[in-house]
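Asker: Got a predicted model here, sequence first, then my questions.
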Amino acid sequence: MRGFLLTLCSVLFLSFITACSSETSVETNGANNSEEADGGILKILLSEEPSSEDALNNSFKKWAEETGNKVDTIVIPYDDQITKFPLMLKNDDVPDLVSTTRLTRLYPEEFLDLTDVVDIGIFDQAALEIIGQDYDSDSNLALPNQYTITSYFYNADAFEEVGIEVPTIDDPWTMDELISNAQKLKDSGDVNYGLAVDFSRGRYDNLMYSNGGSITQETEDSFVVSINSEENVQTLENFVEWNETDLMPKVIWTGGSTDNPADYFKNGDVGIYLSGSWEYSPMYEEITAFDWGVMPSPIGSLQQSAIAGGGGLGIPSSAENPELAKEFLEWFYKEDNYVEFLAQDKGISFINGVTYEPEDEKVIADYEILQAEMKNVTDRFLVDEKSAWRNYLDSEYRDVIKRAVSGELTAKEALDVFANDLSEKSDWEIAN
Amino acid sequence: MGNKNRFSNHNRRKQKKDTNIVLTSINLTCAFLIVFPIIWLLSSSFKPSSELFAYPLSLFPEEFTIDHYIKVIENGFFRYIYNSFFLAVVGTLITVAISSMCGYALAIYRHNVKYTNIIFGVFLLGTLIPGETLTISQFTVISELGLYNNIWGVIFPVVTTTTGIFLYRQFYLTVPTSFVEAARIDGAGEFYIFSKIMLPLSKSVTITLCLFSFMWRWNDYILPLLVLSDQKNYTIQIAIKNFIGANGVDWNSILAGSVISIIPITILFLILQKYITGINISSGDKG
């Protein structure tokens, strides 16, 4: 009897999924991709499954509705794109449009120059350079679709409880003040951690740049490696200490967990959170239990620091429908369509003079701070970007920081290891 | 003397009872350790994102939601389950067919064909090569055969498994050759002997291999990722990984997707588990 019931259950389950998959297939073909499309089919590569609120995906849908074309999205996880994209090239099976943060940098010869597709002059030049990551030529292989800036989020309820006044654009904190206030927040018991930083070199490097450090320095005709400078060692020592004293959730930077500090912040467990503007929209949708906001970056021993980044849209040269992809780009950067995209994305504008007007006063105030952070992008960061040191080593940098935080290496040892490796790979000398 | 015996029996019963309590406690602890993460997974999949990492941790959701399930299903998750299921079932059927025939040949013809043991040795040597090192060459062959972005390109490269061949060969070695000889005298052909006599005898091996093979195909990630480039052909493991983005991880969707993905394996195991136990019993009898 038991066996019969199990068999019956399994047959019912399998019939159910088969039926549902057929239904899904029909729906997918109707809304997303179809061989019976009136227009063309634009094949798009994304790096993660888009949610229903995803602004870019909604732009694709709107374009398809308006033009009668269809979009066929393929998602390849961010980490696996480097493995998969060369195989797609080899099999002549590349998408028509790629949303990427690095493929155009890694395979520049495989992408079309988009300089003449749209008027390049409309873009913020810094955004174009940072997202395109191509400092050696005049070509534009990726046009922006997301412009982001690192930003400090704070738990407004916890601040109020402890009596901490929020810094302003005109009167930002020093790094010492930030740490001291983070400690107060932790000591009050309102939050478990005073400060959290994403497990990303893109966030950590702000501490380095604000203290006057950098990964490389430009010489007359090349670069030198400066990652193991005294100020960088001091910065890393401080960072290790904040982790050691549990001011920060140590598990994040020792790599002992896949937890995302954004979730800690959203749960009200963190007082100050260094992340990026891309977190704004999800936080706005998800955090309802407490008030929160964005504050200016603190001044280190030298300056404030923010790191700009983002993603772009590129067209592979061997794409089947490059003209359709160009058609989409022309449509996407038209002012009306762009403003609608930006309002959903709640990101930083990358087109000169075009922005959106948030309806919520809180968003207006936060947006002003996010936009003001753009002036804190340091020259040191731009030099590091120009050096393209990540073409030689990339995740290895975060790994040595991780080893320092976990106590496996001292701060100096960790940065010396990375400096030597980078010097060896790049043929750049180590700065004295 | 009688009192002494009674005392001794009482002691033995008490000792046995104590041992049972200890063994049962260990069993329950182990069962708890195994089942608890699954319960946590199941429970967390019904939590809203704000509760997922909330401290203090709570096993059950305060606010029960099925939104994540709706979201992953709307994303076409059943399509991916269907693809995975097709891949696992067809792959398993071919694996069982090849492994059983190969195991039969290596065991039954070992006296007639003198190189069978050497061939089997070569198969075993193949297991020393890590599978990952074969990926590039496998992919090249798949491309050259025109099976790129084709579900058969994921099925064919892995249908031969030394584990399966080994299991069948070792089982058929325990079957007296007189079975085969008697059938031959009665006029049975080789395929008839294999399919009507030997294969039914090795039911326990077949079930075990089916279960393992199904799990291998179901959980395979690298090969489908490399070979498939049309989202409609994606398998469940790729679909789950797609919720990990550059700037964050959609844990709710991953949890809901994972729960859905373990249902078929669980059903299969519930149906087949008694046969896995059976392999030990029948092997013992034959020894």
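Answerer: That came in fine, so what should we check first?

Asker: contacting residues for A:Asn91?
Answerer: Shown in contact with A:Asn91 (Cβ atoms under 8 Å, 6 or more residues apart in numbering or on different chains): B:143, B:148-149, B:229. Where C-beta positions appear, they are placed from N, C-alpha and C, glycine not excepted.

Asker: In helices, which of those residues appear?
Answerer: If you go by DSSP state H, the contacts of A:Asn91 have B:Ser143 in helices.

Asker: Format the contacts of A:Asn91 as JSON lines; extra columns: distance to chain A, pLDDT and neighbour count.
Answerer: Shown next, in JSON lines, are those (distance: Cβ to the nearest Cβ, whole Å; pLDDT from 0 to 100; neighbours: other Cβ atoms under 10 Å in any protein chain shown):
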{"residue": "B:Ser143", "distance to chain A": "6", "pLDDT": "91", "neighbour count": "17"}
{"residue": "B:Tyr148", "distance to chain A": "5", "pLDDT": "92", "neighbour count": "20"}
{"residue": "B:Asn149", "distance to chain A": "6", "pLDDT": "91", "neighbour count": "17"}
{"residue": "B:Ser229", "distance to chain A": "5", "pLDDT": "89", "neighbour count": "21"}
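
Asker: Excluding chain neighbours, give the residue nearest to the residue in the stretch 251-400 of chain A that chain B sits nearest to in space.
Answerer: In the stretch 251-400 of chain A, the residue that lies nearest chain B is A:Asp263 (4.0 Å; Cβ to the nearest Cβ). Take A:Asp263 and drop its neighbours on the chain: the residue closest to it by Cβ to Cβ, 6 or more residues apart in numbering or on different chains is B:Phe53, 4.0 Å away.

Asker: Next: A:Ala196.
Answerer: Using Cβ to Cβ, 6+ apart, the closest residue to A:Ala196 is A:Pro261 (3.9 Å).

Asker: Look up phi and psi at the one you found.
Answerer: Main-chain dihedrals, A:Pro261, degrees, to the nearest 10: phi -60, psi -20.

Asker: does it really touch A:Phe199, like I thought?
Answerer: Yes. If you go by Cβ atoms under 8 Å, A:Pro261 and A:Phe199 touch, sitting 7.5 Å apart.

Asker: shared neighbours of the two, anything?
Answerer: Joint contacts of A:Pro261 and A:Phe199 (Cβ under 8 Å, 6+ apart) are A:Ile252.

Asker: now do the same end-to-end measure for stretch A:253-261.
Answerer: Stretch A:253-261 has an end-to-end distance of 10 Å (criterion: Cα to Cα, to the nearest Å).

Asker: contacting residues around it?
Answerer: With Cβ under 8 Å, 6+ apart, stretch A:253-261 has contacts from A:196-199, A:239, A:243, A:249-252, A:270, A:273, A:275, A:401-402, A:405-406, B:53, B:248-249, B:251.

Asker: Return the distance of that stretch from the chain's centre.
Answerer: Computed by Cα atoms, centre = their mean, to the nearest Å, the separation of stretch A:253-261 from the middle of its chain amounts to 17 Å.

Asker: Just give me the residue right at the centre of the chain.
Answerer: No chain in the question, so chain A it is. Among the residues of chain A, the one closest to the centroid is A:Gly310, at 5.8 Å (Cα atoms, centre = their mean).

Asker: Hmm, no, I was thinking of chain B.
Answerer: Most central in chain B (Cα atoms, centre = their mean) works out to B:Phe212, at 2.5 Å.

Asker: which SS class is it?
Answerer: Classification of B:Phe212 by DSSP: H, G, I helix; E, B strand; the rest coil places it in helix.

Asker: Run through the residues that contact it.
Answerer: Counted by Cβ under 8 Å, 6+ apart, B:Phe212 has contacts B:Thr163.

Asker: likewise A:Gln81?
Answerer: Counting by Cβ under 8 Å, 6+ apart, A:Gln81 makes contact with A:45, A:47, A:100, A:102-103.

Asker: shaky segments in chain B?
Answerer: Judged against pLDDT under 70, the low-scoring parts of chain B cover residues B:1-4, B:7, B:247, B:276-287.

Asker: what about the longest helix seen in it, distance to the chain center?
Answerer: Identified as the longest helix of chain B according to DSSP H is helix B:2-44. Offset of helix B:2-44 from its chain centre (Cα atoms, centre = their mean): 29 Å.

Asker: That one near chain A at all?
Answerer: No. With Cβ under 8 Å from any Cβ of the partner chain as the criterion, chain A is not reached by helix B:2-44; the gap is at least 12.2 Å.

Asker: Check which helices and strands that helix sits against.
Answerer: Helix B:2-44 is packed against helix B:251-286, with contacts defined by 3 or more Cβ pairs under 8 Å, 6 or more residues apart in numbering or on different chains; DSSP states H and E.

Asker: Max pairwise distance over the contacts of A:Gln81: which two?
Answerer: Farthest apart among the contacts of A:Gln81 by Cβ to Cβ are A:Leu45 and A:Arg102. That separation is 12.6 Å.

Asker: rewinding a little: quick check: what element follows the longest helix of chain B along the chain?
Answerer: Once the chain leaves helix B:2-44, the next helix or strand it forms, by DSSP states H and E, is helix B:49-52.

Asker: And for that following helix, what's in contact with it?
Answerer: Helix B:49-52 is touched from outside by A:263, A:266-267, A:286-289, B:44, B:58, B:61-63, B:251-252, with contacts defined as Cβ under 8 Å, 6+ apart.

Asker: so where's chain A uncertain?
Answerer: Using pLDDT under 70, chain A drops low at A:1-38, A:256.

Asker: So in it, which strand runs the longest?
Answerer: Criterion DSSP state E: the longest strand present in chain A is strand A:143-155.

Asker: Could you point out the helix or strand that follows it?
Answerer: Downstream of strand A:143-155 (by DSSP H and E), the next one is helix A:156-162.

Asker: Extract the CA atoms of the helix or strand that comes right after that next one and return them as CSV.
Answerer: Sequence order places helix A:175-188 as the next helix or strand after helix A:156-162, per DSSP H and E. Taking Å, rounded to 0.1, in the frame of the first residue of the first chain, the C-alpha atoms of helix A:175-188 are listed here in CSV:
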residue,chain,number,x,y,z
MET,A,175,37.2,58.4,9.8
ASP,A,176,38.0,58.5,13.5
GLU,A,177,34.6,60.0,14.2
LEU,A,178,33.0,57.3,12.2
ILE,A,179,34.8,54.5,14.1
SER,A,180,34.1,56.2,17.4
ASN,A,181,30.4,56.5,16.6
ALA,A,182,30.2,53.0,15.3
GLN,A,183,31.7,51.8,18.6
LYS,A,184,29.1,53.8,20.5
LEU,A,185,26.3,52.2,18.5
LYS,A,186,27.7,48.7,19.2
ASP,A,187,28.2,49.5,22.9
SER,A,188,24.6,50.7,23.2
